[in-house]
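Asker: predicted model, plus sequence, below.
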Amino acid sequence: MPDHEGLYILMLSIHGRICGTPELGVDADTGGQVGYVLDEMRALARDPRVARIDLLTRRFSDPATHPIYGEARESLGSGARIIRLSAGPSQKYLQKERLWDYLDTFVDGALQFIRSENRIPDIIHSHYADAGYVGVRLSRLLGIPLIHTGHSLGRDKRERLIAAGRKAESIDRQFRFSRRIAAEEAVLSEASAILTSTRQEVDKQYALYENAAQAHFVVLPPGVDLRRFSRPGRQRSSPLLPSLRRFLEAPRKPAILAIARPDERKNFQRLVEAYATAPDLREQANLILVMGQRDRFEQIPHGARGVIESVLRTVDDYDLYGQVALPKHHEPEEIPEYYRYAAIYKGVFVNPALTEPFGLTLLEAAASGLPVVATRHGGPQDIIRYCRNGILVDPLNIGEMQDALRQMLFDRRRWQRASRAGLMGVRRVYSWEAHARRYLAEVERILRRQRKQLRRESAARQGVRRALPTADHLLISDIDNTLIGDPAGLAALIEWLGEHPRVAFGVATGRNLKQTMEVLAAHQVPRPDICITDVGTRIVYGNTLHEDQDWAAHLHYRWWREGVLQTLAEIPGLRLQEKPAQSTFKVSYYVDPKRPPTAKDLQQRLHQQRIAAHVVLSHTRYLDVLPIRASKGHAIRFLAFRWGLPLHAVLTAGDSGNDADMMGGEICGVVVGNHSPELHGLRDRHHIYFASACHAWGILEGIQHYHFSGDLHV
Ligand SMILES: O=c1ccn([C@@H]2O[C@H](COP(=O)(O)OP(=O)(O)O[C@H]3O[C@H](CO)[C@@H](O)[C@H](O)[C@H]3O)[C@@H](O)[C@H]2O)c(=O)[nH]1
Ligand SMILES: O=P(O)(O)OC[C@H]1O[C@](O)(CO)[C@@H](O)[C@@H]1O
């Protein structure tokens with residue numbers, strides 16, 4: 001356990017509407033994950049070993065949503081807080097598929113939040129692919145271990161949607177699977193532990209991922225709040241009857257109940273068809289679908305509207321009126337009443353999802369004494385194995401679903417057995433206290449290992465001096481074809497720097513330190529305050545040429561230079577560059593333009609050897625292999641964080657492929673007019689300016705564009 005008063009856990013869960021009393025089901029992004037994260041935080045916060053737990057999520061003040069989501073802070077009590085950070089248009093609530101372009105800004109906001117606090121977190125815990133993207137970067141930059149919970153996995157969802165008949169191209173566009181799956185693969189490669197809710201998630205869902213082999217999985221099921229969900233007991237009627245009478249001719253008949261976000265994957269449509277085409281089920285039971293919250297139809301987001309439309313159409317086609325309830329709204333406290341209502345009248349809960357990564361609703365049903373019929377794809381396999389409270393079905397097979405419903409509804413003894421088994425099973429296996437205990441044991445194991453690693457690393461680690469205490473702005477430029485290339489432009493830039501002493505000046509280059517000093521001297525460039533050399537693998541302070549030891553130690557993580565040489569030794573089209581181009585944290589090659597290997601293929605080969613590394617191709621002729629934490633961009637964020645400089649006070653300028661990652665997010669990026677084609681893809685990126693002028697004139701144009709000057713107070 002850390003040597004101060006207790007653990008500080010930083011949770012990341014970015015999308016959805018997250019607040020102390022969540023509106024679960026209100027939209028496709030506010031459901032089980034939101035409930036899970038809040039319950040988990042509260043359970044951990046109750047443990048005396050946890051001093052603080054902060055949840056970082058996106059801040060927005062959208063007129064269509066509750067004002068609470070615009071509050072920067074919200075206390076949950078016992079040292080737990082929700083911290084909201086702006087990322088993207090702050091007046092808009094955005095669905096998760098649209099957040100990918102703003103996550104770099106979220107990373108920068110998180111860095112600024114962490115720096116403004118008086119404590120560095122001991123562990124970062126990301127939830128879902130988008131938070132995993134952010135968590136990986138924070139972990140690399142700050143050297144804090146990362147753990148991750150997927151909640152739902154892109155490859156599994158994509159596979160199921162295609163199996164259900166969707167076209168790959170259309171769902172890739174709709175759900176941004178390429179960005180999502182790339183983020184999930186990166187998390188698998190870099191997280192210290194992946195928490196899953198079931199064994200099945202490891203063996204069947206994560207098994208679809210290339211980097212699964214190197215991940216460390218911990219099966220740690222969530223709990224269920226037994227104060228909210230309980231059996232009906234002596235309750236012989238339900239407070240829901242009055243509202244259900246608006247829909248049902250005979251509201252005391254057994255209910256076939258489904259509760260889920262109105263998402264295509266939840267497969268409501270086939271459940272309605274199964275009910276509609278079974279006269280005996282229609283005769284002896286009602287169908288109740290709680291599908292989130294909806295006001296006016298045209299306000300429902302596109303995906304959810306399609307789901308609800310197809311349900312309404314089927315109800316109308318089969319004239320199910322009087323037998324089906326489709327409540328438009330429900331209060332959070334009504335959800336437990338729906339389960340109890342169904343249990344009182346001997347109904348059944350159904351989760352017909354195409355795939356259900358876990359299925360919190362099945363725990364809720366079990367805790368309410370309500371038997372279940374559930375999809376066999378995903379977590380329900382484990383839940384029903386442990387709780388023995390239901391039947392698994394193929395969600396695409398309507399006949400099988402109908403038979404399962406009959407078995408559970410028409411066999412009273414079977415219903416009683418399943419009801420009792422579920423009540424006992426859920427208490428035995430699914431408790432948040434047990435979850436918190438095992439969670440903290442895993443965190444302690446990770447921190448113990450990290451402490452050992454820190455001791456093993458260089459004893460020469462020294463705190464980074466504030467090399468430039470007076471600076472409040474930082475200008476970093478690539479050298480070749482950017483800083484140099486036009487002597488008049490270079491002279492004008494040097495003059496500008498002379499007039500703005502509060503702007504620290506640095507270079508970021510693929511060259512090694514010696515070559516860097518030579519080329520700067522050859523062009524009469526005054527020694528910079530900072531030199532980021534060897535493609536971001538070394539940080540050297542100009543005045544003393546003191547190397548940043550923390551950065552060097554930081555890069556050792558998952559790096560094995562010898563392994564890179566062995567793995568890539570026989571690759572056709574690759575030839576090692578001369579010795580001066582090589583360094584501790586960089587292996588450089590020439591690429592044969594006639595037989596260029598792909599960076600992706602090389603990256604996969606290295607992953608197979610458990611080497612976490614970047615492969616950077618520049619000018620289609622040079623290839624650098626670097627530690628996963630190394631890049632010009634990471635070095636710059638590391639420095640800005642260490643010096644307490646907000647990233648909007650940093651301006652970077654470049655012209656080629658390996659400059660791309662030092663732009664984006666809050667950083668003021670400048671692409672000079674003579675840039676190589678590799679950078680065309682950055683044109684629509686947030687906060688990246690394409691100068692018309694070339695070389696150093698382009699940098700000066702960028703300074704004008706951003707009004708970037710030492711006189712502004714940040
Ligand atoms: O109209 C609704 C719909 C849902 N819920 C609640 O929202 C949660 C839904 O959770 P779950 O059934 O697990 O589904 P998802 O929202 O899809 O949650 C994702 O994240 C969960 C936690 O990791 C996993 O259990 C799921 O498999 C995964 O898809 C449950 O508490 C429901 O009671 C409501 O309150 N109202
Ligand atoms: O269906 P998808 O795109 O995998 O997303 C699952 C969604 O369900 C949630 O539980 C909603 O809270 C989140 O995991 C996520 O937003």
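Answerer: The structure has been received and is ready for your questions. Ligands and ions are numbered 1, 2, ... in the order given.
Asker: need the residues of the protein near ligand 1, please.
Answerer: 24-25, 31-33, 35-36, 151-152, 259-261, 290, 292, 335, 356-361, 364, 379 (Cβ under 6 Å from any ligand atom). Bear in mind the C-beta positions are built from the backbone N, C-alpha and C, glycine included.
Asker: mind checking the SS state of residue 327?
Answerer: Following DSSP: H, G, I helix; E, B strand; the rest coil, residue 327 is assigned to coil.
Asker: next up, the contacts around the residue nearest to it when sequence neighbours are not counted.
Answerer: Spatial nearest neighbour of residue 327, excluding adjacent residues (Cβ to Cβ, 6 or more residues apart in numbering): residue 290 at 6.2 Å. By Cβ atoms under 8 Å, 6 or more residues apart in numbering, the contact list for residue 290 reads 25, 257, 258, 259, 260, 327, 330, 335, 338.
Asker: returning to that earlier point: the residues of the chain next to ligand 1 also near ligand 2: which ones?
Answerer: Within the residues of the chain next to ligand 1, those near ligand 2 by Cβ under 6 Å from any ligand atom are 31, 32, 33, 151, 152.
Asker: isn't the last one up against residue 354?
Answerer: Okay, so that is residue 152. No - counting by Cβ atoms under 8 Å, residue 152 stays clear of residue 354, with 11.7 Å between them.
Asker: more crowded one of these two?
Answerer: residue 354 (23 against 20; other Cβ atoms under 10 Å).
Asker: which ones are touching the more buried one?
Answerer: So residue 354 contacts 160, 161, 163, 164, 264, 265, 266, 267, 375, 377, 395, 396 (Cβ under 8 Å, 6+ apart).
Asker: ok, now with 10 Å
Answerer: Neighbour list for residue 354: 156-157, 159-161, 163-164, 166, 263-267, 270, 375, 377-378, 395-396 [criterion: Cβ atoms under 10 Å, 6 or more residues apart in numbering].
Asker: same thing with residue 281?
Answerer: Residue 281 is in contact with 254, 256, 274, 275, 287, 323, 401, 402, 405, 406, 409, 410, counting by Cβ under 10 Å, 6+ apart.
Asker: recalculate using a threshold of 6 Å.
Answerer: Residues counted as contacts of residue 281 (Cβ atoms under 6 Å, 6 or more residues apart in numbering) are 275, 405.
Asker: and the pLDDT at it?
Answerer: pLDDT, residue 281: 98.
Asker: any idea which helix or strand carries it?
Answerer: Using DSSP states H and E, residue 281 maps to helix 279-284.
Asker: what does residue 702 give?
Answerer: Using DSSP H and E, residue 702 falls in helix 695-705.
Asker: what's the neighbour count on the nearest residue to residue 202 once chain neighbours are set aside?
Answerer: Among residues not flanking residue 202 along the chain, residue 217 sits closest, at 4.7 Å (Cβ to Cβ, 6+ apart). Neighbours of residue 217 under the rule other Cβ under 10 Å: 16.
Asker: give me the pLDDT for residue 217.
Answerer: pLDDT, residue 217: 98.
Asker: give me every residue that touches it.
Answerer: Contacts of residue 217 by Cβ under 6 Å, 6+ apart are 194, 196, 202.
Asker: top of these by neighbour count?
Answerer: Result: residue 196 is most packed of these (other Cβ under 10 Å), 27 neighbours.
Asker: would you quantify the distance from it to ligand 2?
Answerer: Counting by Cβ to the nearest ligand atom, to the nearest Å, the gap from residue 196 to ligand 2 is 14 Å.
Asker: just residue 99 next, same as before
Answerer: Residue 99 is 11 Å from ligand 2, by Cβ to the nearest ligand atom.
Asker: and for residue 522?
Answerer: Taken as Cβ to the nearest ligand atom, the span from residue 522 to ligand 2 is 54 Å.
Asker: how many residues are close by that residue?
Answerer: Around residue 522 there are 9 other residues, counting by other Cβ under 10 Å.
Asker: confidence score at it?
Answerer: Looking at residue 522, the pLDDT reads 95.
Asker: please apply the same query to residue 657.
Answerer: pLDDT, read off for residue 657, is 80.
Asker: checking the residue nearest to it when sequence neighbours are not counted next. Helix, strand or coil?
Answerer: Excluding the flanking residues, the one nearest residue 657 by Cβ to Cβ, 6+ apart is residue 678, at 4.1 Å. Look at residue 678: counting by three-state DSSP, its state is helix.
Asker: I'd like the next helix or strand past the helix or strand where residue 365 lies.
Answerer: Here residue 365, judged by DSSP H and E, is contained in helix 360-367. Using DSSP H and E, the helix or strand that follows helix 360-367 towards the C-terminus is strand 372-375.
Asker: with distance to residue 299 and secondary structure added, can I get the ones next to ligand 2 among the residues of the chain next to ligand 1 in CSV?
Answerer: Below are those laid out as CSV (distance: Cβ to Cβ, whole Å; DSSP: H, G, I helix; E, B strand; the rest coil):
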residue, distance to residue 299, secondary structure
31, 19, coil
32, 23, helix
33, 23, helix
151, 26, coil
152, 25, coil
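Asker: from the chain's centre, how far out does the helix holding residue 365 sit?
Answerer: Centroid separation for helix 360-367 versus its chain: 26 Å, with Cα atoms, centre = their mean, to the nearest Å.
Asker: hmm, back to that, just the buried ones from the contacts of residue 354?
Answerer: Neighbour counting with 16 or more other Cβ atoms under 10 Å marks 156-157, 159-161, 164, 166, 263-267, 270, 375, 377-378, 395-396 as buried within these.
Asker: helices - which of those land there?
Answerer: 156, 157, 159, 160, 161, 270 (DSSP state H).
Asker: how near is the fourth one to ligand 1?
Answerer: I take that to be residue 160. Distance of residue 160 to ligand 1, computed by Cβ to the nearest ligand atom: 12 Å.
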